[in-house]
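Undergrad: how does the following fold in three dimensions:
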Amino acid sequence: TTLAGHQEDVAGVSFSPDGSRIVTASADRTAKIWDAKTGTLLVTLAGYDTAVNSAAFSPDGARIITGSADKTARIWEIAG
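TA: Take a look at the predicted model:
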């Protein structure tokens, strides 16, 4: 499966703890959450003014943390 939807380079990728979702971080200033089985885009996390360099799920899969070139990290609450 190809996860296509970012407009710039993808800088980081991570599976959710249960393996059902994937989060990608991109230079297009977004992170995206995908269904790991189908490759369907589920959510786009937007709001940065610079590249998102990394993204990872919390151990319980309820949150994502992203790191950006603007020297900040954000925690995002996501639906299970």
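
Undergrad: in terms of pLDDT, where does A79 sit?
TA: You'll see A79 listed with a pLDDT of 73.

Undergrad: look up how far L42 lies from it.
TA: 9 Å (CB to CB, to the nearest Å). Where C-beta positions appear, they are placed from N, C-alpha and C, glycine not excepted.

Undergrad: more crowded one of those two?
TA: Higher neighbour count among A79 and L42: L42, with 14 against 7, using other CB atoms under 10 Å.

Undergrad: show me the contacts for the more buried one.
TA: L42 makes contact with 21, 33-35 under the criterion CB atoms under 8 Å, 6 or more residues apart in numbering.

Undergrad: where's it, which helix or strand?
TA: Assessed by DSSP states H and E, L42 sits inside strand 41-46.

Undergrad: what of T24?
TA: strand 21-26.

Undergrad: partner strands of that strand, with direction?
TA: Each strand paired with strand 21-26, and its direction, by DSSP bridges: strand 10-15 (antiparallel), strand 30-35 (antiparallel).

Undergrad: make TSV from the ones you listed and add distance to T1, mean neighbour count and mean pLDDT to it.
TA: TSV is the format used below for the strands paired with strand 21-26 (distance: least, CB to CB, whole Å; neighbours: other CB atoms under 10 Å; pLDDT from 0 to 100):
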stretch	distance to T1	mean neighbour count	mean pLDDT
strand 10-15	13	16	97
strand 30-35	9	22	98
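
Undergrad: can you put these in CSV and add distance to A56?
TA: Conversion of the strands paired with strand 21-26 to CSV gives the following (distance: least, CB to CB, whole Å):
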stretch, distance to A56
strand 10-15, 5
strand 30-35, 10
